[in-house]
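Participant: after the sequence you'll find the predicted model.
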Amino acid sequence: MIESAVRRKILDMNIKILFSSRVVDVKMEDKKIKAVVLQNETQIEGDSFIETTGSTGPMGNCLKYGNGCSMCVLRCPSFGGRVSITKKCGIEDMIGQRKNGTYGAFSGSIKLNKESLSKEIREKLNNKGVAVISLPKEQINKGKLDIKVCQQYALDAFAKNIVLLDTGHAKLMAPFYPLEKLRKIKGFENAKFEDPYSAGLGNSIRYLSIAPRDNNMKVIGVDNLFVAGEKSGFYVGHTEAIVTGYLAGNNSVRNIIGIPLLQLPVNLTTGDMISYSNEMMHKEDGNKLRFTFAGSIYFERMKEKGLYSIDKQVLYERVKKVGLLNIYDEKLI
């Protein structure tokens, strides 16, 4: 139900949405974007631009670095493949690598139709939100852990078990799973994939287009282009996209009216995440690292630096101390 609710919220905020529109080029003047060009040759002018195209696709990349088009939710055949705005501006994007040196990484999960699973598994998901099913020895494949995006889940438990999360559908924490093998497991005899449709063969390939940016989320080399989400780093997760998106949006307005850009301090988790990930990804083998609040190397850093807390009052005082309470609620224009 979330998509329609989000769409209504955006429209209620008087934000104009251009559906079925794809930016394929830019019009530059010195180091500034004057306009973006849509596939139908319409030009949209602006003072600041934010690129959140992500780092997945188009189909040729999934064919070259993956197992072909898995018919994922991006629907490149319907709408056209991702075009890198930074590359159109003449900026060289970074490309992520797997441990073996292959470019990109498989998206880390697939979705099963919950109603196609056994009653026992459905009840576990409905009541607990999670179901863990042990795999027979012949189906354990630890090699899959190294090819996926979500390194916080690259644990033996995710190789030895099927881990399902209730996200409306049943989210299976593996990049892909051959359907015939899956249906041999008790409870999965009638399993049906929801996304990607070809999740028995492969998944989308990500981390193929990361922009060089500063800690204000501004692209280095373009005066009025900002980035957020996976386009801005080797990030995993919605929270990371939200955090970088808030900052990019705020700074895009600051850039228009000529006031100093906001840089979040490193004694806030969000500021440290943005700064640390930016520093690390430019080091040797930095393109093999993955950053998320949910686990892996950054979660360990959060704990080491004393940044991790679930005490709302502690977090409130921390933000208050640096003078950034409700910073995103301030109307700049």
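Facilitator: Perfect, thanks for sending it.
Participant: can we go C-alpha only for contacts and neighbour counts from here?
Facilitator: Fine.
Participant: now Ile256, what's its secondary structure?
Facilitator: State at Ile256, reduced to three classes by DSSP: H, G, I helix; E, B strand; the rest coil: helix.
Participant: show me the contact partners of the strand or helix carrying Lys87.
Facilitator: If you go by DSSP states H and E, Lys87 is part of helix 85-88. Helix 85-88 is contacted by residues Val23, Val24, Asp25, Val26, Glu51, Glu92, Asp93, Ala211, Val219 when judged by CA atoms under 8 Å, 6 or more residues apart in numbering.
Participant: for PyMOL, what selects the buried ones among these?
Facilitator: Per 16 or more other CA atoms under 10 Å, the buried members of the contacts of helix 85-88 correspond to this PyMOL selection:
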select buried, resi 23+24+25+26+51+93+211+219
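Participant: list just the nearest of the contacts of helix 85-88 to Lys303.
Facilitator: Ala211 (28.0 Å; CA to CA).
Participant: I'd say the closest one and Val227 touch.
Facilitator: Yes: counting by CA atoms under 8 Å, Ala211 touches Val227, with 7.5 Å between them.
Participant: if we can go back for a sec, can you name the next helix or strand after the helix holding Lys87?
Facilitator: Per DSSP H and E, the helix or strand that comes after helix 85-88 is strand 105-106.
Participant: tell me which strands and helices that next one is in contact with?
Facilitator: The helices and strands touching strand 105-106, judged by 3 or more CA pairs under 8 Å, 6 or more residues apart in numbering; DSSP states H and E, are strand 205-206.
Participant: for the strand it packs on, packing partners?
Facilitator: Packing partners of strand 205-206 (3+ CA pairs under 8 Å, 6+ apart): helix 59-65, strand 105-106.
Participant: out of the ones you listed, deepest packed?
Facilitator: Neighbour counts (mean count of other CA atoms under 10 Å) averaged over each of the helices and strands packed on strand 205-206 peak at strand 105-106, with a mean of 28.
Participant: now do that one: distance to the chain's middle.
Facilitator: 12 Å (CA atoms, centre = their mean, to the nearest Å).
Participant: coming back round to it: export the helices and strands packed on strand 205-206 to CSV and tack on mean pLDDT and distance to Arg75?
Facilitator: Listed next are the helices and strands packed on strand 205-206 as CSV, based on pLDDT from 0 to 100; distance: least, CA to CA, whole Å:
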stretch, mean pLDDT, distance to Arg75
helix 59-65, 94, 9
strand 105-106, 92, 16
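Participant: next SSE after the helix or strand of the chain with the lowest mean pLDDT?
Facilitator: In the chain, no helix or strand scores lower on mean pLDDT, DSSP states H and E than helix 156-160, which sits at a mean of 75. Downstream of helix 156-160, the next assigned helix or strand under DSSP H and E is strand 161-167.
Participant: where does the stretch 151-300 of the chain have low pLDDT?
Facilitator: Residue ranges of the stretch 151-300 of the chain with pLDDT under 70: 151-156.
Participant: would you map the helices across it?
Facilitator: 156-160, 179-182, 238-257, 269-281, 296-304 (DSSP state H, counting those that start in this stretch).
Participant: so who does the nearest residue to Leu164 once chain neighbours are set aside touch?
Facilitator: Spatial nearest neighbour of Leu164, chain neighbours left out: Leu172 (4.7 Å); criterion: CA to CA, 6 or more residues apart in numbering. Contact analysis of Leu172 by CA under 8 Å, 6+ apart lists Ser109, Ile110, Lys111, Leu112, Ile162, Val163, Leu164, Leu165.
Participant: closest to Ala241 out of those?
Facilitator: For those, the residue nearest Ala241 by CA to CA is Ser109; the value is 17.6 Å.
Participant: ok, the closest one - contacts?
Facilitator: Ser109 touches Lys171, Leu172, Met173, Ala174, Pro175, Phe176, counting by CA under 8 Å, 6+ apart.
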